[in-house]
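K.L.:
Fold the following for me, if possible:
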Amino acid sequence: MKENEINIYFFDWFSNYCKINNLNYPFNRKKELNPLSKISTPWKTLGNKIVESEYPPLEGIKLQMRDLEIEAAPL
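P.N.:
Numbering: from 1, shown residues only. Below you'll find the model as predicted:
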């Protein structure tokens with residue numbers, strides 16, 4: 001690259017590098033990386049109401065741990 005003074009995009013270079021060296025290319029176009037598949041969580045409040053949000057609500061909640069139910073409050 002320095003001798004010819006050309007710019008190559010990393011993913012193009014890395015794809016070719018993996019093919020030449022018989023490596024598994026982790027960024028196949030068939031597989032999609034989607035970290036935002038589900039961002040909300042159902043929370044059960046102390047009043048037995050189900051609230052779905054990304055973060056715990058600002059009221060008391062019940063956490064289910066195996067066969068034990070724990071009451072928790074944010075403040």
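
K.L.:
and residue 51, how many neighbours?
P.N.:
Close neighbours of residue 51, defined as other CB atoms under 10 Å, add up to 15. Every C-beta, even on glycine, is put in place using the N, C-alpha and C of the backbone.

K.L.:
looking at this, it is in a strand?
P.N.:
Yes. According to DSSP: H, G, I helix; E, B strand; the rest coil, residue 51 belongs to a strand.

K.L.:
What residues does it make contact with?
P.N.:
Taking CB atoms under 8 Å, 6 or more residues apart in numbering as the definition of contact, the neighbours of residue 51 are 42, 43, 44, 45, 57.

K.L.:
Could you check the pLDDT of it?
P.N.:
Taken from the predicted model, the pLDDT recorded for residue 51 is 91.

K.L.:
repeat for the one 4 residues further on
P.N.:
You'll see residue 55 listed with a pLDDT of 87.

K.L.:
give me the number of residues near it?
P.N.:
Residue 55 - counted by other CB under 10 Å - has 10 other residues nearby.

K.L.:
Residue 71: helix or strand, and which one exactly?
P.N.:
When elements are defined using DSSP states H and E, residue 71 is found to belong to strand 68-72.

K.L.:
can you give me the strands in the chain?
P.N.:
Under the criterion DSSP state E, the chain carries strands at the ranges 41-45, 50-53, 61-65, 68-72.

K.L.:
that older thread, what angle do strand 61-65 and the strand holding residue 71 make with each other?
P.N.:
Per axes from the mean of the first three to the mean of the last three CA atoms, to 10 degrees, the angle that strand 68-72 makes with strand 61-65 is 150 degrees.
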